[in-house]
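K.L.:
Structure for the following, please:
(2 chains)
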Amino acid sequence: MATSAADRAIAPPGPGFAPILKKALLSALVALGLFALMIGVRTETGSTGQLTYWTRFGELAAMVGAVFAGSIVIELLRRWIGPAGSRGIVPPRVTEALGAAGRWIAPALLVFALLVPVIFYQQRYILDLGILVLTYVMLGWGLNIVVGLAGLLDLGYVAFYAVGAYSYALLAQSGLPFPQPADTFPYISVDFLKLGPWAFWVLLPVSGLLAAFWGMILGFPVLRLRGDYLAIVTLAFGEIIRLVILNWQDLTGGPNGISGIPRPSLFGIPLTPGPNGLAATLGIPFSPTHRLVFLFYLILILALLTNWVAIRLRRLPIGRAWEAMREDEVACRALGINITATKLSAFSIGAMFGGFAGAFFATRQGFISPESFTFQESALVLAIVVLGGMGSQLGVALAALTMIGGFELFRGLDQYRMLVFGIVMVLLMIWRPRGLVGHRAPSVFLHGRTTIAADMVKEGRG
Amino acid sequence: MTMTSNAVAPPLLAIEGLRAAYGKIEALKGVDLDIAAGEIVALIGANGAGKSTLMMSIFGKPPARAGRILFDGRDITALPAHRIARLRIAQSPEGRRIFPRMSVAENLQMGADATPGTTAERAASLERVLTLFPRLGERMTQRGGTLSGGEQQMLAIGRALMSRPRLLLLDEPSLGLAPLITRQIFNAIRTLNQEDRLTVLIVEQNANHALRLAHRGYVMVNGLITMSGGGLELLQRPEIRAAYLEGGRHG
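P.N.:
Predicted coordinates:
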């Protein structure tokens, strides 16, 4: 027995069938123990309250048999594919081809995204779905700064999404407060400036800044927390924001939400059928699709802005500090990196993009309520980041596309949708534990690297 | 003893009656230690004596409960770590602690990021690091985590050197390394001291190597300095030989 196990350890694709059989038998035994009472014996309350029971050995045998056969199949598959994480899952030639394709995926996706409204102009459903996917791409890229780059596990990201959405909704309805001189004490009064068609463009940065502010507020108490503890506190923070929104009826309308949120305008030109609307201005017949196309490009630009900022920041000292902090906080302190500033900046910049996305969400829906900002949303965005490969921009985009798009694609499966979703996630994590794009591209090329590398490269750096 | 040299010039780093604790456990019970500019000072002692705590306390964590730390005459006791680093005190922490997923080049860049410096200065310090440890130059694009233990130690020291420090704090550079690699690293430290006049405080369990390298040494037991003197002089003392060199408690 011991020798066969040792053999297998030395030569991974072990020759014998015996270890597989042994493992399958063990699994079947465990299954028998587990299911003997759960399935083998069925109990019920009888008509007079007494216990009646009967045995179901047929079902029990079927379950144990299924486990036995399943275990053999899994082991055979594992031999055929090789252990997770090893090379050889994919032949090198395919890997090379994928690598070459990888360089084209991002530009191809971008071109495709730009063309979506042209190709699918007649299909409102696709446009709506595209907007939804892009919203999650943007949220994913925003959270990626916090989780992927800075390594701060944030389970309450949706809080900033909510702050952005409510900031926009509330300010767009009541206007921006401006202090005005007044004749009576206290000689200053507050005038609410209505923004009209420009509301979205003025309030978008305001919403982002408010979300960033709340990112800071969250950042301070969690400065000294790490890992699980940080996750719990951020989770609680997300719930606190949601519950405050839910219960502060006077301000937020509580569970009724806020409706009639102003729609965005194309730099002051509203997308309405009226005489000063975009259609009338351009002299074309009005169509509600115009707004969808506009929203699509709007969220595309916002998402690309998030991406661009994240990529730029990664190459600056602050971005490097985020990544270094993710790797080793103690080492960062030893190098004299200001941990406080690094953490707070990650939280607030990540939150800011969440706030932008929230403002977009509010203006797109025209109606928001606390139901849109549950923990499920946080979990979904986090899943996108983790599946995509923490820190990888392309991976996050692909994951958002697969998760949100795939979720819609399997709508026909009804209640089995979650099951398929779960299985796909488990499989992905087994075969790609670092996410879809687990590779991390270095961001620094020091001066003189080439000159030094050139004459010393002979010894090989592989 | 080297009292005379201390009396002439003020020390670069002076630690006076430093006390620090983790919760209720007092790790430093009033430590006095000074380092003159251009000196290599070794701090030796058994596991748990408080050597690493002293090293980290200079950087403010754990914070001093009593006593003072003066760098170049300036009180740095209560300064936050990033301000201390900006005064050009660099630290190579215990257990190397390089950034495993970042490339060697990025690791080195991180060392330079925290302190202000021009591009030319950074290029110069990079060149210095790479002449000192040519192996790092061969591996610039490799991820830090794929380096061998010795190379990681070189990277940790190189990273600390990137900020052009006036004082280098080295915590157990020989930890878990083969004797040959240890010798290479100690030679590099000697070179830095002789050619660049770099002041070094080195914490070591490897008393033999450390005291041979250092001008002066301190021995720490249970959070207190129990002995100090010239490196070779300490090495001759029978109690040192008994405790740290001939079997017994070292390592």
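
K.L.:
Could you give the number of residues near the closest residue to chain B within chain A?
P.N.:
Nearest residue of chain A to chain B (Cβ to the nearest Cβ) works out as A:Gly336 at 2.1 Å. Placement of C-beta: from N, CA and C, glycine included. Number of residues near A:Gly336 (other Cβ atoms under 10 Å in any protein chain shown) recorded here: 25.

K.L.:
Which residue ranges of the stretch 151-251 of chain B form strands?
P.N.:
Using DSSP state E, counting those that start in this stretch, the strands of the stretch 151-251 of chain B run over residues B:167-171, B:199-204, B:216-221, B:224-230.

K.L.:
can you give me how far the second one is from the chain middle?
P.N.:
On the basis of Cα atoms, centre = their mean, to the nearest Å, the separation between the geometric centre of strand B:199-204 and that of its chain is 4 Å.

K.L.:
Specify the angle between that strand and strand B:167-171 in degrees.
P.N.:
10 degrees (axes from the mean of the first three to the mean of the last three Cα atoms, to 10 degrees).

K.L.:
Which strands border strand B:199-204, and is each parallel or antiparallel?
P.N.:
Here strand B:199-204 is paired, per DSSP bridges, with strand B:40-45 (parallel), strand B:167-171 (parallel).

K.L.:
Which of those sits closest to B:Ile69?
P.N.:
Among the strands paired with strand B:199-204, the nearest to B:Ile69 by Cβ to Cβ is strand B:167-171 (11.4 Å).

K.L.:
need the helix or strand of chain A with the lowest average pLDDT.
P.N.:
helix A:449-456 (a mean of 39; mean pLDDT, DSSP states H and E).

K.L.:
May I ask which helix or strand encompasses the residue nearest to A:Pro285 when sequence neighbours are not counted?
P.N.:
Spatially, and ignoring its direct neighbours in sequence, A:Pro285 is nearest to A:Ala279 (6.5 Å; Cβ to Cβ, 6 or more residues apart in numbering or on different chains). Element membership for A:Ala279 (DSSP states H and E) is helix A:278-282.

K.L.:
List of residues touching that helix?
P.N.:
A:Leu266, A:Ile269, A:Pro270, A:Leu271, A:Thr272, A:Pro273, A:Gly274, A:Pro285, A:Phe286, A:Ser287, A:His290 (Cβ atoms under 8 Å, 6 or more residues apart in numbering or on different chains).

K.L.:
Show the backbone phi and psi for the first one.
P.N.:
Put plainly, it is A:Leu266. The phi/psi pair for A:Leu266 (degrees, to the nearest 10) reads phi -80, psi 90.

K.L.:
For it, grab the count of nearby residues.
P.N.:
Neighbour tally, A:Leu266, other Cβ under 10 Å: 17.

K.L.:
Quick check: it touching A:Arg291?
P.N.:
No - applying Cβ atoms under 8 Å as the test, A:Leu266 and A:Arg291 come out as separate, 9.5 Å apart.

K.L.:
residues shared between the contacts of those two?
P.N.:
With the criterion set as Cβ under 8 Å, 6+ apart, the contacts of A:Leu266 and A:Arg291 do not overlap.

K.L.:
Tell me, how many residues neighbour A:Gly142?
P.N.:
32.

K.L.:
which residues does B:Leu12 contact?
P.N.:
Counting by Cβ under 8 Å, 6+ apart, B:Leu12 makes contact with B:Ile35, B:Ala36, B:Ala37, B:Glu39, B:Phe71, B:Asp72, B:Arg166, B:Leu167, B:Thr199.
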